[in-house]
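Undergrad: Okay, sequence plus prediction incoming.
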Amino acid sequence: MPTSVSTDPIRPSERQAFWTDAISRSFAPVETRPLGSAEVSGHFDFVELGAAKLVRFDSSPQCYSRDARLVSRAGSDEFMFDFQRRGRSLMRQAGNEGTIEPGQGVLYDARRPFEDRLHMVELACEEYPNFEASRLEQGEGASYSIDTVEKMQPSLHPGDRLFFLIGSDAFDEIETWHRWQDLVREVDFIVVSRPGNEFRVPPGARVHRLDGLALAVSSTGIRDRLSHGEPTPELPAAVRTYIDEHHLYGARSTSRMG
């Protein structure tokens, strides 16, 4: 059964506290505060599907933040949620704060077990002997891209260059990433762009645009189809089987692999 929460029956003077408590109980411990002078209002509905929640969300402008106390309470230094819609994240992250815009999408735990993610990469690389899955990001707590780059640097030889392969949607938000200026200095970006997609290039970034891959698909779209038991032809069959068997991303298994 869907869970529904609304501020409508709450007195205006009590809505902010109610909203903070509702978000914290339903998703993750956060503090919320209104943006601007609009009266606080909001509602959300969600239904749980395994490890994911399908969410419809709307509210007056709010800022959501987590301090050290709330991070400790959540048992993770990562955001445990990410509202997504049409391939772009609606969580504008800057440090540990963000603004969630109204929308519909999939809510999922960002602390997906490392071994699951690693094994899916290993399965995806089986047909490509030049690719190797790495445990470089294994460890406790959050793993940021700049941390991975700095771990790799001691193994580089003089004259070596690091290339960071990234989708254009993610690259368009690179300036919200942890220590993004350092990352821009240390790597060259190969940005894979979907048809008709444009993105901003931050000052100083070395970018090699990779066009011609007519893949009108996003990770958000794949997760949405997983949660509805629909085919995912973009995924290697072995990866889809693993997702279904371990009930990842709220997947409903299907025999129509596509």
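TA: Perfect, I can see it now.
Undergrad: Please make it C-alpha for all contacts and neighbour counts, starting now.
TA: Noted.
Undergrad: Can you list the low-confidence ranges for the stretch 151-258 of the chain?
TA: Across the stretch 151-258 of the chain, the ranges flagged by pLDDT under 70 are 195, 212, 214-217, 220, 249-258.
Undergrad: got the residue ranges for the strands in it?
TA: 163-167, 188-192, 206-210 (DSSP state E, counting those that start in this stretch).
Undergrad: Could you dump those strands into JSON lines with distance to Arg56 added?
TA: Shown next, in JSON lines, are the strands of the stretch 151-258 of the chain (distance: least, C-alpha to C-alpha, whole Å):
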{"stretch": "strand 163-167", "distance to Arg56": "26"}
{"stretch": "strand 188-192", "distance to Arg56": "30"}
{"stretch": "strand 206-210", "distance to Arg56": "34"}
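Undergrad: Burial-wise, tell me which of those strands comes out on top.
TA: Mean neighbours per residue, mean count of other C-alpha atoms under 10 Å, is largest over these for strand 188-192, with a mean of 20.
Undergrad: quick check: angle from that strand to strand 206-210?
TA: Put simply, strand 188-192 runs at 30 degrees to strand 206-210, going by axes from the mean of the first three to the mean of the last three C-alpha atoms, to 10 degrees.
Undergrad: Partner strands of strand 188-192, with direction?
TA: strand 163-167 (parallel), strand 206-210 (parallel) (DSSP bridges).
Undergrad: Save the ones you listed as a markdown table, and put in distance to Trp177 too.
TA: Below are those laid out as a markdown table (distance: least, C-alpha to C-alpha, whole Å):
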| stretch | distance to Trp177 |
| --- | --- |
| strand 163-167 | 13 |
| strand 206-210 | 17 |
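Undergrad: Select, out of the strands of the stretch 151-258 of the chain, the one closest to Glu245.
TA: strand 163-167 (27.8 Å; C-alpha to C-alpha).
Undergrad: And the helices in the stretch 1-150 of the chain?
TA: 15-26, 68-74, 114-125, 145-152 (DSSP state H, counting those that start in this stretch).
Undergrad: how far away is His247 from Gly229?
TA: 11 Å (C-alpha to C-alpha, to the nearest Å).
Undergrad: Mean neighbour count and distance to Val47 added to the helices of the stretch 1-150 of the chain, as a markdown table?
TA: Listed next are the helices of the stretch 1-150 of the chain as a markdown table, based on neighbours: other C-alpha atoms under 10 Å; distance: least, C-alpha to C-alpha, whole Å:
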| stretch | mean neighbour count | distance to Val47 |
| --- | --- | --- |
| helix 15-26 | 17 | 11 |
| helix 68-74 | 14 | 21 |
| helix 114-125 | 15 | 24 |
| helix 145-152 | 15 | 32 |
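Undergrad: The ones you listed: lowest mean pLDDT?
TA: In terms of mean pLDDT, the lowest-scoring of those is helix 68-74 (a mean of 56).
Undergrad: Mind putting the helices of the stretch 1-150 of the chain into TSV with distance to His43?
TA: Below are these laid out as TSV (distance: least, C-alpha to C-alpha, whole Å):
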stretch	distance to His43
helix 15-26	9
helix 68-74	23
helix 114-125	33
helix 145-152	34
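Undergrad: among those helices, which is nearest Asn197?
TA: Taking the helices of the stretch 1-150 of the chain one by one with C-alpha to C-alpha, helix 145-152 is closest: 23.3 Å.
Undergrad: ok, and what's touching that closest one?
TA: 136-137, 178-180, 182-183, 186 (C-alpha atoms under 8 Å, 6 or more residues apart in numbering).
Undergrad: ok, and the most crowded of those?
TA: Leu183 (22 neighbours; other C-alpha atoms under 10 Å).
Undergrad: now it, nearest residue through space, not along the chain?
TA: Nearest residue to Leu183 in three dimensions, chain neighbours excluded: Ile146, at 5.4 Å (C-alpha to C-alpha, 6 or more residues apart in numbering).
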